[in-house]
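1. what shape does this take:
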Amino acid sequence: LFLITTVSLTYPPNNMSVPLFNGAVMTIFAREVLEGTVIIGQYRTVVQRTPEWQEPEKQKAGLKAINTAAGWASLVAVILIICVAVPLGLLSRSFDER
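-> This next block holds a predicted model:
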């Protein structure tokens with residue numbers, strides 16, 4: 001974790017170092033991941049404990065649907081983060097520190 005917090009980007013204009021990751025961003029990310037796993041766990045619990053889902057094939061299909069949706073949502077979130085972070089990082093290079 002310490003290595004991630006010290007990664008920085010140095011670029012030529014003033015040889016300024018800009019942190020790519022900071023504690024606040026990592027805290028927000030960790031909280032969102034934790035919240036997502038809790039929600040997914042709740043959906044899985046509902047499928048496993050509800051009488052309508054006790055048939056093994058139906059339960060297996062329900063759990064697979066939950067896992068697939070969670071996987072796709074995670075992939076889309078990572079793609080969105082990259083699509084926003086890269087242009088912002090490149091465009092912020094010319095900002096004046098004052």
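
2. any stretches of this structure with poor pLDDT?
-> 1-21, 96-98 (pLDDT under 70).

3. let me see the ranges of the helices in it.
-> Taking DSSP state H, the helices of the chain run over residues 2-6, 23-49, 56-91.

4. turn those into a markdown table, including mean neighbour count.
-> C-betas here are computed from N, CA, C, even on glycine. Shown next, in a markdown table, are the helices of the chain (neighbours: other C-beta atoms under 10 Å):
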| stretch | mean neighbour count |
| --- | --- |
| helix 2-6 | 9 |
| helix 23-49 | 12 |
| helix 56-91 | 11 |
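
5. where's the residue nearest to V46 when sequence neighbours are not counted relative to G36, distance?
-> Among residues not flanking V46 along the chain, W53 sits closest, at 7.8 Å (C-beta to C-beta, 6 or more residues apart in numbering). The span separating W53 from G36 equals 22 Å under the rule C-beta to C-beta, to the nearest Å.

6. what of V76?
-> According to C-beta to C-beta, V76 and G36 sit 12 Å apart.

7. one more: R93?
-> Distance of R93 to G36, computed by C-beta to C-beta: 32 Å.
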